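K.L.:
requesting a structural model of the entry that follows:
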Amino acid sequence: MSTVPFHYVDLRAFCYATEDAKRVEAALRTFLPEEFELERTTSEGYHGDRIVVLSARVENADGVRHVLGKLAELPDIDAVLDELDDRVDDNCSFFLRLDKQTAFRGEVRQGEGITLRAKVEAYPAKREAAVENAREAFESVRD
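P.N.:
Predicted coordinates:
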């Protein structure tokens, strides 16, 4: 895949007071290129508990290819392809939720805990074109 059909990929995970921040960071790093800088923001939960929000934006082509390569490891990648119409919004953003627990073990699964949002390239910026570009991207890394 020479061109990358995504402008950027955002990954985000919450680290709650009951969780180990290093483990949550390791889970998020499963999807990121090596030595990638994570952004940390501290927030407060409803009951005053501390929540650390870990996030990363991958913007360069090699980094986006790396993230796509990790997503190709999804055992249900065909289901993701079938659901692309529901996963791409009118702003040409693709959404996927990934499992934080399995990511900590280096595995890639859909689930809860890590949110992925990717801005799909589409000219003109129409949802239908974005769905088709995302489909081509996932099919090319799946094969």
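
K.L.:
residue 12 contacts residue 51, correct?
P.N.:
No: counting by Cβ atoms under 8 Å, residue 12 stays clear of residue 51, with 11.8 Å between them. Every C-beta, even on glycine, is put in place using the N, C-alpha and C of the backbone.

K.L.:
which strands or helices does the top helix by length along the chain pack on?
P.N.:
The single longest helix within the chain, with elements called by DSSP state H, is helix 127-142. Counting contacts by 3 or more Cβ pairs under 8 Å, 6 or more residues apart in numbering; DSSP states H and E, helix 127-142 is packed against helix 61-71, helix 77-82, helix 84-87, strand 113-120.

K.L.:
okay, buried residues for it please.
P.N.:
127, 129-135, 137-138, 141 (16 or more other Cβ atoms under 10 Å).

K.L.:
picking up where we left off before, please say which of residue 12 and residue 51 ends up with more neighbours.
P.N.:
residue 12 (18 against 15; other Cβ atoms under 10 Å).

K.L.:
what pLDDT does the closest residue to that one other than its chain neighbours get?
P.N.:
Setting aside the residues directly before and after it, residue 12 is nearest to residue 55 in space (Cβ to Cβ, 6 or more residues apart in numbering), at 4.3 Å. Note on residue 55: pLDDT of 98.

K.L.:
so how far is residue 94 from the residue nearest the centre of the chain?
P.N.:
For the chain, the residue nearest the mean C-alpha position is residue 116 (2.7 Å; Cα atoms, centre = their mean). Using Cβ to Cβ, to the nearest Å, residue 116 is found at 8 Å from residue 94.
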